[in-house]
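> test case, fold it:
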Amino acid sequence: MIVCGTDFSPVASAAANVAAHIAHRAGALLELVNATGSPDEAASAAHAATPPAPESRAGQMAAEVSRLRALGVTVEGTLDPALPDQAMADRARRADTSLIVLGAVGLTLVERVLLGSVAERIAMASTKPVLVVRNDGPWSDWAKDARPLRVMVAFDVGASAGEALSWVAWLRQWGELRLTVCWVVNPALENQRFGATGEGAGIELLPKTRESLWREFQLLVGTQGSLPSTELRLEPTLGRVDSALTQLAGSSDQDLLVVGSHQRRGFERLWQASVSRGVLRHAPMSVAVVPHRPKGE
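Alright, predicted model coming up:
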């Protein structure tokens, strides 16, 4: 099952289009969910604007379900009284949920810093892959076999990158992809890891390090199997990994940027989350966040 959250806005409708394309290709059921809960009902009641009545939401849901069914996909609509975060978390825990799709709704800079968007919070907490859609046009072309979907996967030596590559292999079953796997590395740290010393070791990859990294990169990506033809990019940077990824993905006209995320506590989760959260906030294209869960969870 593929789950798509909606508030019936144009952004949400674009996300629903993408969810419908994937569901149709995968032969999966699509559940369209409108979660209506408020974190502060009293504050909501004090607002001048009146929230949509249940009857209005039911009518909007019926219209959206009808529109999506016309695309050839099996759709169920649900009005959920829970908070959006909770409604999606509940569905992520279901064994039959394979993907959650959301629209990217912009916030002010202050709101991003203090709260993050609903899509961001769901993506960072979900135990299932979350696709945050910014533009449904490339997905429509992909669904019609008009062109491959251009996909960049963020790579590192951790298990989360393997989960991201496995998810891309799953997506590849339903349509052609043009895949780039990008490993953003810190030159100073990698030179130290491979014991390379000399002039420039703190600011650039030395030849010994670059050669060793390429061998490691090719070996690790190759172990994933079942991937389309792949371009590998090794990118040294002294700055933030998320900034480098979004810049590279933007400059190469990627349609989708895929990142991994640990569902763990403590420093490791915070470090990994900082990359995926930064990508979610700043990438101009759609983003998929694929969680890694340790065996047994």
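
> where do the strands sit along this protein?
Ranges of strands in the chain, per DSSP state E, are 2-5, 30-35, 75-80, 99-103, 130-133, 149-155, 177-185, 230-236, 256-262, 286-292.

> per-stretch mean pLDDT over these, give me the minimum one.
Ranked by mean pLDDT, the strands of the chain bottom out at strand 256-262, with a mean of 86.

> that one to strand 286-292, inter-axis angle?
Counting by axes from the mean of the first three to the mean of the last three Cα atoms, to 10 degrees, strand 256-262 lies at 30 degrees to strand 286-292.

> could you count how many residues lie near Thr74?
15 (other Cβ atoms under 10 Å). Where you see a C-beta, it was placed from the backbone N, CA and C, and this is true even at glycine.

> and it, what does it touch?
Neighbour list for Thr74: Ala23, Leu29, Leu30 [criterion: Cβ atoms under 8 Å, 6 or more residues apart in numbering].

> looking at those residues, which is nearest Phe217?
Ala23 (33.8 Å; Cβ to Cβ).

> contact partners for the closest one?
Ala23 sits next to Ile2, Leu29, Leu30, Val73, Thr74 when contact means Cβ under 8 Å, 6+ apart.

> before we move on, the earlier item: make TSV from the strands of the chain and add distance to Val279 and mean neighbour count to it.
Output for the strands of the chain, formatted as TSV (distance: least, Cβ to Cβ, whole Å; neighbours: other Cβ atoms under 10 Å):
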stretch	distance to Val279	mean neighbour count
strand 2-5	19	27
strand 30-35	24	23
strand 75-80	28	16
strand 99-103	15	27
strand 130-133	10	26
strand 149-155	7	25
strand 177-185	11	21
strand 230-236	14	15
strand 256-262	5	27
strand 286-292	6	26
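
> which one of these lies nearest to Arg91?
From those, taking Cβ to Cβ, the stretch that ends up closest is strand 2-5, at 4.7 Å.

> show me what the closest one is packed up against.
helix 10-26, strand 30-35, helix 84-92, strand 99-103 (3 or more Cβ pairs under 8 Å, 6 or more residues apart in numbering; DSSP states H and E).

> what angle separates the second one from helix 84-92?
Per the same axes, to 10 degrees, the angle that strand 30-35 makes with helix 84-92 is 150 degrees.

> strand 30-35: partners in the sheet, and parallel or antiparallel?
With DSSP bridges as the test, strand 30-35 is paired with strand 2-5 (parallel), strand 75-80 (parallel).

> for the longest one, report the contacting residues that lie outside it.
In this case it means strand 75-80. By Cβ under 8 Å, 6+ apart, strand 75-80 touches 20, 29-37, 54, 57-58, 61-62, 64-65, 68-69, 87.

> report the buried members of those residues.
With burial judged by 16 or more other Cβ atoms under 10 Å, the buried subset of those is 20, 30-36, 57, 61, 64-65, 68, 87.

> any weak-confidence spans in the stretch 1-150 of the chain?
Scanning the stretch 1-150 of the chain for pLDDT under 70 picks out 38-55, 105-117.

> how about the stretch 151-297 of the chain?
In the stretch 151-297 of the chain (pLDDT under 70), the answer is 223-228, 262-273, 293-297.

> same thing but at 50, please
Screening the stretch 151-297 of the chain residue by residue with the criterion pLDDT under 50, one finds the ranges 263-272.

> tell me which stretches of it form helices.
Using DSSP state H, counting those that start in this stretch, the helices found in the stretch 151-297 of the chain span residues 159-172, 187-193, 207-222, 241-251, 266-282.

> and the first one, how far from the chain's centre?
I take that to be helix 159-172. The chain centre lies 12 Å from the centre of helix 159-172; the measure is Cα atoms, centre = their mean, to the nearest Å.
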